[in-house]
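Novice: Turn this into a model:
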Amino acid sequence: MKIVMSIEEQERKLDLSTMPIKDAAECERLTGLTWTEWREQLAQDRASAIAFAWFLAGKRDGLETVKFSEIDLDLAKLRWSVELTDEEQSLIDASTAAEEDADAAVPTGPDQVETPVE
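Specialist: Next comes the predicted model:
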């Protein structure tokens, strides 16, 4: 899974399915967070976690980067989206189909029996 971060004309993609030791150590050094803590903080929109995501995406893409301490994004303008791999999308589709099948098998109420009126 990749997260896509966009702000004005800039876009960065970060593959969250990989975290080499060097990147994890850099995360700890720069943010004080372990990789697991960083992911949790990122999900909670914590500023330092977002800044590190932006920094790491740029570093991995070989973009011209600034120092981590100099990153100053306007969080109100930052937009997020997610790109799933074909495999991830297939798993979601299969899970959704299974849930729909299970829902269809559950009765929604008692069978209606017509009673003649006398």
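Novice: give the contact list for L42.
Specialist: With Cβ atoms under 8 Å, 6 or more residues apart in numbering as the criterion, the residues that contact L42 are A49, I50, A53. Placement of C-beta: from N, CA and C, glycine included.
Novice: Which helix or which strand is home to it?
Specialist: Element membership for L42 (DSSP states H and E) is helix 35-43.
Novice: In that helix, which residues are buried?
Specialist: For helix 35-43, the neighbour count (16 or more other Cβ atoms under 10 Å) marks W38, R39, Q41, L42 as buried.
Novice: try stretch 46-61
Specialist: So for stretch 46-61, counting by 16+ other Cβ under 10 Å, buried means R46, S48, A49, I50, A51, F52, A53, W54, F55, L56, A57, G58.
Novice: what about the helices in the protein?
Specialist: 21-31, 35-43, 47-61, 86-105 (DSSP state H).
Novice: what sits up against the first one?
Specialist: Residues outside helix 21-31 that contact it (Cβ under 8 Å, 6+ apart): 19, 33-35, 38, 41, 48-49, 52, 55-56, 60, 68.
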